[in-house]
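1. Could you look at this predicted model? Sequence included:
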Amino acid sequence: MAPSKGQLCDRARQWASLRLDGELSELENALLDAHLGRCGDCAAFARDADAIAFALRSVALERLEEPLVVAVARRAPRIRALQAAIAAALVLVAAVLGSVLGVASHTGTPSTAAVADRHTAMVAAGDTADNLRQLRRAGLIEAGRPAPRNRRIPAETV
């Protein structure tokens, strides 16, 4: 059997295998038939797959002499309880650290959210870009931060 010629042949061979179990849609069946009509290698693959499937399905089933038992390894309940306890302890430690670090970050300087709350302003439809820049500049100066110098600001506000 020849190797596939590319992506189309790979897809056709996959579909030929799926067709054996009746898992193709009508469109996929039609596309497969069209490809098999053009590609001799894939047509040979589909014929071989059909022959193998027919041979396997026509063989009589054999009875087992002894029943087949599959042992499933199960974790002891104690291990699962230990895993759950460790997970709960880690969540608790993360919550405590987050709370402590959150309190420590609020003690010195105001947080970004607090600064944003202080400088939140309602923007009206008549506000221009220059008006908004003036508001921002005034808020930055009030907060003690340097105002950007790369924008034109009217002389009366400086």
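-> Yep, that arrived. Residues are numbered from 1 along each chain as shown.
2. Break this structure down into its domains, please.
-> As assigned by automatic domain parsing, the chain contains the domains 7-58, 112-151.
3. least reliable of the ones you listed going by mean pLDDT?
-> The stretch with the lowest average pLDDT out of the domains of the chain is domain 112-151, scoring a mean of 61.
4. What mean pLDDT does the helix or strand encompassing residue 83 get?
-> Per DSSP states H and E: residue 83 is located in helix 77-107. The average pLDDT for helix 77-107 rounds to 81.
5. That helix packs against which elements?
-> Taking 3 or more CB pairs under 8 Å, 6 or more residues apart in numbering; DSSP states H and E as the contact definition, helix 77-107 has no neighbouring helices or strands. C-beta here means a position set from N, CA and C on the backbone, and glycine is covered the same way.
6. quick one: buried residues of that helix?
-> Residues of helix 77-107 include none that count as buried (16 or more other CB atoms under 10 Å).
7. Start at 19, not 1
-> Yep, numbering from 19; the last one is helix 95-125 now.
8. buried ones in the helix or strand in which residue 73 is found?
-> Here residue 73 is covered by helix 58-76, with elements defined by DSSP H and E. When neighbours are counted by 16+ other CB under 10 Å, the buried residues of helix 58-76 are found to be 59, 60, 61, 63, 64, 67.
9. mind listing what the second one touches?
-> If I follow you right, that is residue 60. 22, 27, 30, 31, 34, 53, 54 (CB atoms under 8 Å, 6 or more residues apart in numbering).
10. Any chance of the residues you listed in JSON lines with neighbour count as columns?
-> Formatted as JSON lines, the contacts of residue 60 follow (neighbours: other CB atoms under 10 Å):
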{"residue": "22", "neighbour count": "17"}
{"residue": "27", "neighbour count": "17"}
{"residue": "30", "neighbour count": "26"}
{"residue": "31", "neighbour count": "20"}
{"residue": "34", "neighbour count": "21"}
{"residue": "53", "neighbour count": "19"}
{"residue": "54", "neighbour count": "19"}
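11. Return the member of these nearest to residue 112.
-> Comparing the contacts of residue 60 against residue 112 with CB to CB picks out residue 31 as the nearest, at 50.6 Å.
12. Verify the contact between that closest one and residue 62 for me.
-> No: look at residue 31 against residue 62 with CB atoms under 8 Å: they stay out of range, at 10.5 Å.
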